[in-house]
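A.B. asks: Fold the following.
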Amino acid sequence: MAARPAADPTKTRAAVSALADWLRDDTVAPPERAVLAEAVRLTARTLPVLAPGASVEVRVPPFVAVQCISGLSHTRGNPPNVVETDPRTWLLLATGLLTVAEATARGAVQSSGSRAGEIADWLPLVDLPK
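C.D. replies: Residues are numbered from 1 along each chain as shown. Down below sits the predicted model:
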């Protein structure tokens, strides 16, 4: 399987900017699936660029899963350190509009493993335009 290219910072900012109103106000009509998917994939693929490794897997179904953070990695089966959330919550985390602690307290992030919480050290990934 060919490696996917890392996210381009300019494209990532543009994809997130296109969703800024919806991220700030959940009463705004949700974006089209393709627009949402692009923003989720690009932001998620930014995480392993900043925190390379394979000790934590971040899942944002149905769009993407990435491995990040250096340390012991897994090779088969379910990884021991997993963070999973929905697309909107991921984008809120990626832009700093929500912290991992807040999302976890709301039940919007499920995590397992002793290192899963380390993704908080790498967020936010993208500055949301004002």
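A.B. asks: give me every residue that touches the residue nearest to the spatial centre of the chain.
C.D. replies: Central residue of the chain (CA atoms, centre = their mean): A44, 4.1 Å from the mean position. Contact partners of A44, counting by CB atoms under 8 Å, 6 or more residues apart in numbering, are V58, V60, F63, V64, A65, V66, W90, A94. No exception for glycine: its C-beta is placed from N, CA and C like everyone else's.
A.B. asks: what number of residues lie near the first one?
C.D. replies: Residues contacting V58 under the criterion other CB atoms under 10 Å number 26.
A.B. asks: Let's verify the closest residue to it other than its chain neighbours: helix, strand, or coil?
C.D. replies: Nearest residue to V58 in three dimensions, chain neighbours excluded: V83, at 4.9 Å (CB to CB, 6 or more residues apart in numbering). At V83 the chain is in strand, as set by DSSP: H, G, I helix; E, B strand; the rest coil.
A.B. asks: What of V66?
C.D. replies: strand.
A.B. asks: for it, which residues make a bridge with it?
C.D. replies: On the basis of DSSP bridges, V66 is bridged to V58.
A.B. asks: contacting residues around it?
C.D. replies: Contacts of V66 by CB under 8 Å, 6+ apart are A44, R45, L47, P48, E57, V58.
A.B. asks: pLDDT score for it?
C.D. replies: V66 is assigned 95 on the pLDDT scale.
A.B. asks: swap in G107?
C.D. replies: With respect to pLDDT, G107 scores 97.
A.B. asks: one step back: among the contacts of V66, which one lies nearest to L125?
C.D. replies: L47 (6.3 Å; CB to CB).
A.B. asks: For that closest one, give its distance to D21.
C.D. replies: 24 Å (CB to CB, to the nearest Å).
A.B. asks: Compare the two (neighbour count), which wins?
C.D. replies: L47 (23 against 11).
A.B. asks: Let me see the ranges of the helices in the protein.
C.D. replies: Secondary structure of the chain (DSSP state H): helices located at 9-17, 20-24, 33-50, 87-95, 100-106.
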